[in-house]
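K.L.:
Sequence and computational prediction follow.
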Amino acid sequence: MTEFIENLAPIRWHEPKSSYDVVIVGGGGHGLATAYYLATRHGITNVAVLEADYIASGNTGRNTTIIRANYGIPEAVRFYQHSLEMYQALEAETGAAILHQTKGIFWLAHTEMAMRTERARCLVNTACGAKTVMVTPAELKEMVPQVDLSGAGRYPVLGASHHREGATARHDRVAWAYAAGASQRGVHVVEHTPVTGLLRDGDRVVGIQTAQGSIAAGVVLSAVGGRVTKMAAHAGVRLPVRTHPLHAFVTNDYQQGFGPILASTELSCYVSQTERGQMLIGAEFDSQPSYSRQSSYAALRSYSHKMTRFLPFLRDLRILRTWAGICDISADYSPIMGATGVDGFLVTTGWGTWGFKAIPAGGEGMAELIATGRPSALIAPFGLDRFRRDHVLADQGSAGTR
Amino acid sequence: MLWLACPRCGRRPLEEFTFGGERRAVPDWITDPDERDFDEVWIFENPDGITTERWFHAAGCRRWLTVRRDTSTDTVLGVVP
């Protein structure tokens, strides 16, 4: 896999040194983006990103690649809208082809309750800079002729919110773009190096341990996806995070073409077409926490059942490939970025099922925090201390999952 | 498909049950009463391995069960008293 990526993306690979100013644990989108912005915006290049497997092998390479900002609370809309705009400029900034495509997202409402939720979403989005409007079933049918407005008689479409700037991008290419940009500026990206523990000096975290030896660090950032509870426990930090598997699948080629992204919050499922023509479908995560990446028949059956309610043409397609990722779901369904209360140890976690869209803004925010010591206004509300301050950012209804 | 041997209803698919969260005690080393309350409300042990949790048999006997499960493989080990 490494050889394959090497041929595709101009990433420079390094052997790890024994000491860095900043060590980032986790070579997914958030870790690599943080390293990239540390190097490009703040001139901090004595940085290592350590990845246990190959880069983007975790949730960065497993998500359904949707970029959107149609959240339900102002803090989240502002943050994700900034990230969405950064994605729009990412190809120009990095020079890498990330295959960014603005498609627009329709969130279907099947009940009056959901209609009220979607209308409220439009108001909050408009107030905070995101472009989301309500559309009638007739308007939806005109833009998405494949949709069955009766929802197979069970989930009638009463309306939808249309988030016009919703987009997709090729997920692994986003990680490679950041890895290439960071490594060309001197950041060390190191694959196949699991971090087995943290070095502590009193209450401070002063480095990390690997099977090959220890590495000293001025600051350690955990950008781990999936096993963050264990990583934080090495520093004595306890997190309000549970880890749940989320399944996804692609069908064989749908030749007619399907332009937008379609989602139903009530059914918790979403569908888009990949650049290869496959229909890409994801839904809610398993209710029970697990670290297993085994696809389950129950999930595939449930997703298929839901999606065919309002997109009957999917019945004619076959499931081609399935996979699962393990998502860190925070207690309030919002990410956790910033200080942990332990000196020298920061986290960017709780990315659950909403991490890919946040990679540029999350990386930029964490880089600024590491460089200046202060969280920017965009990421400050997402600190771990919000649970103690009783300022939780409960926004489960916008997670597209439950 | 995961199955669970309900002591009242027999072997049933896990879809009939509703997950009720991990069953855990706040660790003894947390002594401050406010800290214990905070831990109880917000923190999850989230272990990568064997855990004990509550499941509700929603589509069966409608009773709560205590279940042992291995989260690294998502395997149900059985119902415990």
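P.N.:
Looks like it arrived, so ask away. Numbers count the residues shown, from 1 in each chain, chains lettered A, B, ... in the order given.
K.L.:
In terms of pLDDT, where does residue 7 sit?
P.N.:
Chain wasn't specified; assuming chain A. Reported pLDDT at A:N7 in the predicted model: 61.
K.L.:
Chain B, not that one
P.N.:
On pLDDT, B:P7 comes in at 94.
K.L.:
and if you look at the one 3 residues further on?
P.N.:
With respect to pLDDT, B:G10 has a value of 94.
K.L.:
I'd like to know the beta-bridge partner residues of it.
P.N.:
Beta-bridge pairing of B:G10, defined through DSSP bridges, involves B:C6.
K.L.:
count of neighbours near it?
P.N.:
Residues lying near B:G10 (other Cβ atoms under 10 Å in any protein chain shown) number 10. From N, CA and C alone the C-beta is placed, and that goes for glycine too.
K.L.:
what does A:A298 give?
P.N.:
Applying other Cβ under 10 Å, we find 15 residues neighbouring A:A298.
K.L.:
Any chance of the backbone angles for A:L32?
P.N.:
Per-residue torsions, A:L32: phi -70, psi -40 (degrees, to the nearest 10).
K.L.:
where's the most centrally placed residue in chain B relative to chain A, distance?
P.N.:
The centroid of chain B falls nearest to B:E53 when counting by Cα atoms, centre = their mean (1.0 Å). Per Cβ to the nearest Cβ, to the nearest Å, B:E53 is found 7 Å from chain A.
K.L.:
helix, strand or coil for that residue?
P.N.:
Following DSSP: H, G, I helix; E, B strand; the rest coil, the label given to B:E53 is strand.
K.L.:
Run through the residues that contact the residue of chain B positioned farthest from its centre.
P.N.:
Distance from the centre of chain B peaks at B:D32, with 26.2 Å (Cα atoms, centre = their mean). By Cβ atoms under 8 Å, 6 or more residues apart in numbering or on different chains, B:D32 lies in contact with nothing.
K.L.:
at 10 Å what do you get?
P.N.:
Residues near B:D32 by Cβ atoms under 10 Å, 6 or more residues apart in numbering or on different chains: B:38-39.
K.L.:
Look at it and report its pLDDT.
P.N.:
Per the predicted model, pLDDT is 96 at B:D32.
K.L.:
and what of the one 4 residues further on?
P.N.:
pLDDT recorded at B:R36 is 96.
K.L.:
do A:S295 as well
P.N.:
A:S295 carries a pLDDT value of 88.
K.L.:
With adjacent residues omitted, what lies nearest to it?
P.N.:
Distance criterion Cβ to Cβ, 6 or more residues apart in numbering or on different chains; nearest residue to A:S295, sequence neighbours excluded, is A:T322 at 4.1 Å.
K.L.:
Measure how buried the closest residue in space to the residue nearest to the centre of chain B that isn't next to it in sequence is and give me the count.
P.N.:
Closest residue to B:E53 apart from its sequence neighbours, by Cβ to Cβ, 6+ apart: B:E22 at 4.8 Å. Close neighbours of B:E22, defined as other Cβ under 10 Å, add up to 18.
K.L.:
again with A:E112
P.N.:
A:E112 has 10 nearby residues by other Cβ under 10 Å.
K.L.:
Does it touch A:P156 like I think?
P.N.:
No - judged on Cβ atoms under 10 Å, A:E112 makes no contact with A:P156 at a distance of 11.1 Å.
K.L.:
For A:S150, grab phi and psi.
P.N.:
phi -80, psi -10.
K.L.:
If I look at A:E364, what pLDDT would I see?
P.N.:
On the pLDDT scale, A:E364 gets 98.
K.L.:
right, I mislabeled it, should have said B:P81
P.N.:
As predicted, B:P81 sits at a pLDDT of 77.
K.L.:
Which residue comes closest to it once chain neighbours are left out?
P.N.:
Spatial nearest neighbour of B:P81, chain neighbours left out: B:T66 (7.2 Å); criterion: Cβ to Cβ, 6+ apart.
K.L.:
What pairs with the helix or strand containing that neighbour, parallel or antiparallel?
P.N.:
Assigned by DSSP states H and E, B:T66 belongs to strand B:64-70. Sheet partners assigned to strand B:64-70 using DSSP bridges are listed as strand B:50-56 (antiparallel), strand B:75-80 (antiparallel).
K.L.:
Quick check: phi and psi at A:I326.
P.N.:
phi -110, psi 120.
K.L.:
tell me, how many neighbours does it end up with?
P.N.:
Around A:I326 there are 24 residues (other Cβ under 10 Å).
K.L.:
what about the closest residue to it other than its chain neighbours, which helix or strand?
P.N.:
Once flanking residues are discounted, A:I326 sits nearest to A:G226: 4.2 Å by Cβ to Cβ, 6+ apart. Using DSSP H and E, A:G226 sits within no helix or strand.
K.L.:
The one 3 residues further on too?
P.N.:
In this structure, A:T229 sits in helix A:228-234 according to DSSP H and E.
K.L.:
same check, this time on A:C122
P.N.:
helix A:112-127.
K.L.:
pLDDT on that helix, on average?
P.N.:
Here the average pLDDT along helix A:112-127 is 96.
K.L.:
So which bits of that helix are buried?
P.N.:
Neighbour counts over helix A:112-127 (16 or more other Cβ atoms under 10 Å in any protein chain shown) mark A:114-115, A:117-118, A:121-122, A:124-125 as buried.
K.L.:
Which of these sits closest to chain B?
P.N.:
Chain B has its nearest neighbour among these in A:A114, at 22.1 Å by Cβ to the nearest Cβ.
K.L.:
Now that closest one: closest residue in space that isn't a chain neighbour?
P.N.:
Distance criterion Cβ to Cβ, 6+ apart; nearest residue to A:A114, sequence neighbours excluded, is A:E266 at 5.4 Å.
K.L.:
go on, A:S330?
P.N.:
A:S330 sits nearest to A:G350 (Cβ to Cβ, 6+ apart), 3.3 Å away.
K.L.:
Now do the same for the one you found: its pLDDT.
P.N.:
A:G350 is assigned a predicted lDDT (pLDDT) of 95.
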